[in-house]
Structure formats: structure tokens, C-alpha cells
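>>> Quick one: sequence plus predicted model below, questions after.
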Amino acid sequence: MKEQHIIEVNKDICIGCGLCENDCPVNNITIKDKKSVIKNQDCIKCGHCSAICPTAAITLTGFDDEPIEIKNETTVDSNELLMAIKSRRTIRKFKNKEVHSEIIQQIIEAGRFTPSAKNSQDVSYIVLDENKSKYEEIAVKFFRRIKPIVSLFMKSAKEVTIDDNFFFKGAPVAIMVLTKDKISGSLAASNMALMAESYGLGVLYSGFFTTVVNNSRKLRKSLNLKHNDYVVTTLVLGYPDVRYRRTAQKERANVRFL
């Protein structure tokens, strides 16, 4: 986390129920004199104590927004969700149609609220929209130079034509997901992709662009990336200009029950 956060207990409204103590993943809360007591401030600040408290006696300082009260349990239709996952396809043809900033913000929100390892919350985002062609041009020049080398390890790369829209396919926006922890970044990107598709957007995980960003000094400098900034993936987003009429076939899941 970048900011300083303090866990506070309002003794006046704490009822000493022990829910926070039992739910704390790092055993950082105890009950004394029928009141919750925070042992130290060096925990992961996951917010479980604040979320589970029936009287809202526990709060965390230093955040821009307040917790949202959950009045009704949020559920998603399991059949619809599974069908949405089954029907997902990588999109490489996009309409010349703007994606509104409000939608982009909602997609980033899906990433922001994705759990991260040790609650590090170290995932950040770079949105490429109006100036994305500038960065794509640098990436294209770089990839054209290294294509012979890539083709040695990836046979399919030999048949690939690297045109000026090779990375973003004419899509209106791309979001780079940055973090030191690949798992946290990948989980965030997956939720972001689902959110994007809920708005009718198509998604392309641009692995090639991600590779170029992590290896091209010129592109990294152009993007103002620091030495330790690592791009986990790049989501290319836009309204699909293609319609798939059936799901892709997959091999059976390799599952063992022990």
C-alpha cells in the first residue's frame, strides 16, 4: 500500500461480540474488557474487521471513499455467468466507436476491488486512448526488428504480418496493468475483462505489446515507466466488429479428486 492507514475502534459502540477477532486472518485483534483491541498497526489492513463489525465500530483511516453498506447479498446468476465465460472470444476486429470514460472507470474499478496478495493493492493502470498510436508506432518498429528472433521460438510468428495496427487492431483504448506480483495483476485483469464484456465490449489480451513494453527502452521512456515497473498484461478494448455464433470447443478438464 502507498498510503498510511490506521485501524481505529470506537469503544463507545463496540459490543465485544468477537466477530472481528475470529475473522482476522493475521490474529491481530483480541477482546479485552468486552471491547475489541487492535494489537498493532503492522497488519495487512485487509478490512475484514471493519466489514464484519455489526455496529461499524471499527474503521480504517486514510482512504478516499467510505465503505459501502451491503444491505442485500449480491449474487450473480450462475448459468448466465458460465455462459458468458464460455462464449468469450478474443476480439481482433473493432468498430470505430468511442468507449466512454465512465465505462473505462468502471472497468478500472473492477480491477481496483480485486483482492491482491497480502492486500498489497500495488496494481496500477495506464490508459492509452487518444495518443495510443504514438506508442503503437514505437512498438511496431521494435517488434519488426525482433520478429526473426521470435520466429525461432514461435513457429506461428513466421506467418504474422506486422502492420501499423498490429497491437491494438484499431481499438479505441488499451489499458496496461502494472504490478510486481503477476498473480494479483492477472486476477485484476480477468475481472476487468469480465466488466468490459458486461458493457458489450470486446477484449484482446495483447501479449505481444506487453512483451515489447517490458523490453523496449524507448517505449518505456515514452510511457514514463520506472525501472521496476512491470507490465503484467495489456487489455485492448472496443466494440466488436465481428459476431461469433457458437462457443469454442475445449478439451476435457484434467481433474483429480483425492
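Sure, I can see it.

>>> now the strands for the stretch 151-258 of the chain?
In the stretch 151-258 of the chain, the strands defined using DSSP state E, counting those that start in this stretch lie at 173-178, 202-205, 231-238.

>>> which residues are contacting the first one?
When contacts are taken as CB atoms under 8 Å, 6 or more residues apart in numbering, the neighbours of strand 173-178 outside the stretch itself are 99, 104, 107-108, 111, 123-129, 132, 167-168, 185, 188-189, 192, 206, 209-210, 213, 223, 225, 229-238. All C-beta spots, glycine's among them, are computed from the backbone N, C-alpha and C.

>>> Swap in 6 Å and give it another go.
With contacts defined as CB atoms under 6 Å, 6 or more residues apart in numbering, strand 173-178 is touched by 99, 124-129, 132, 168, 185, 189, 229, 231-237.

>>> and these, which are buried?
For the contacts of strand 173-178, a burial check counting by 16 or more other CB atoms under 10 Å picks out 99, 124-128, 132, 168, 185, 189, 229, 231-237.

>>> where does the residue lying closest to residue 109 once chain neighbours are set aside land on pLDDT?
Spatially, and ignoring its direct neighbours in sequence, residue 109 is nearest to residue 195 (7.7 Å; CB to CB, 6 or more residues apart in numbering). You'll see residue 195 listed with a pLDDT of 97.

>>> Cross-check the contact I'm expecting between residue 195 and residue 110.
Yes. Assessed by CB atoms under 6 Å, residue 195 is found in contact with residue 110 at 3.8 Å.

>>> Just the C-alpha atoms of the helix or strand hosting residue 146, please, in CSV.
Assigning secondary structure by DSSP states H and E places residue 146 in helix 132-153. C-alpha atoms of helix 132-153 as CSV (Å, rounded to 0.1, in the frame of the first residue of the first chain):
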residue,chain,number,x,y,z
LYS,A,132,-2.1,5.2,-28.3
SER,A,133,-1.0,5.3,-32.0
LYS,A,134,2.2,7.1,-30.8
TYR,A,135,3.1,4.1,-28.6
GLU,A,136,1.9,1.6,-31.0
GLU,A,137,4.2,3.0,-33.7
ILE,A,138,7.3,2.6,-31.4
ALA,A,139,6.2,-1.0,-30.5
VAL,A,140,5.7,-1.9,-34.2
LYS,A,141,9.2,-0.7,-35.1
PHE,A,142,10.7,-2.7,-32.2
PHE,A,143,8.7,-5.9,-33.0
ARG,A,144,9.6,-5.8,-36.7
ARG,A,145,13.3,-5.8,-35.7
ILE,A,146,13.0,-8.8,-33.3
LYS,A,147,10.5,-10.8,-35.4
PRO,A,148,13.2,-13.1,-36.9
ILE,A,149,14.3,-14.0,-33.4
VAL,A,150,10.7,-14.5,-32.1
SER,A,151,10.0,-16.8,-35.1
LEU,A,152,12.8,-19.1,-34.0
PHE,A,153,10.8,-19.9,-30.8
